[in-house]
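Trainee: make a model of this:
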Amino acid sequence: MYITYILKSLKDGTYYYGSTSDISKRLKYHNAGKSRYTKKKKPWVLHYTEEYETKTEAIQRELFFKTINGYIWLKEKQII
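Mentor: Below is the predicted model:
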């Protein structure tokens, strides 16, 4: 099982998109400041997830979220 996730920064309200096979471990990683992008915006909370059977599917969905069409879809669904 792989997960595409959206984190929300409690510091400034920005979002971070990613994918992982262990969401608990990944959230701890971001909140520990081990990611260059997310360390300045911590703490992070899990905002949204989708589950996929394969890593490829999860990564494709993450990449979609990072496009303008993905942004529009997330806004229309009131996810962000």
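Trainee: what's downstream of the longest helix along the chain, the next helix or strand?
Mentor: Ranked by residue count and defined by DSSP state H, the top helix of the chain is helix 55-65. Per DSSP states H and E, the first helix or strand lying C-terminal to helix 55-65 is helix 68-76.
Trainee: other SSEs contacting that next one?
Mentor: Counting contacts by 3 or more C-beta pairs under 8 Å, 6 or more residues apart in numbering; DSSP states H and E, helix 68-76 is packed against helix 55-65. Using the backbone N, CA and C atoms, a C-beta is placed for each residue, glycine as well.
Trainee: can you map out the strands along the protein?
Mentor: For the chain, applying DSSP state E gives strands covering 2-9, 15-20, 44-52.
Trainee: coming back round to it: quick one: buried residues of the longest helix of the chain?
Mentor: 58, 61-62, 65 (16 or more other C-beta atoms under 10 Å).
Trainee: give the burial count for residue 79, as a bare number.
Mentor: As a burial measure, residue 79 scores 12 neighbours (other C-beta atoms under 10 Å).
Trainee: what does residue 46 give?
Mentor: Neighbours around residue 46, by other C-beta under 10 Å: 15.
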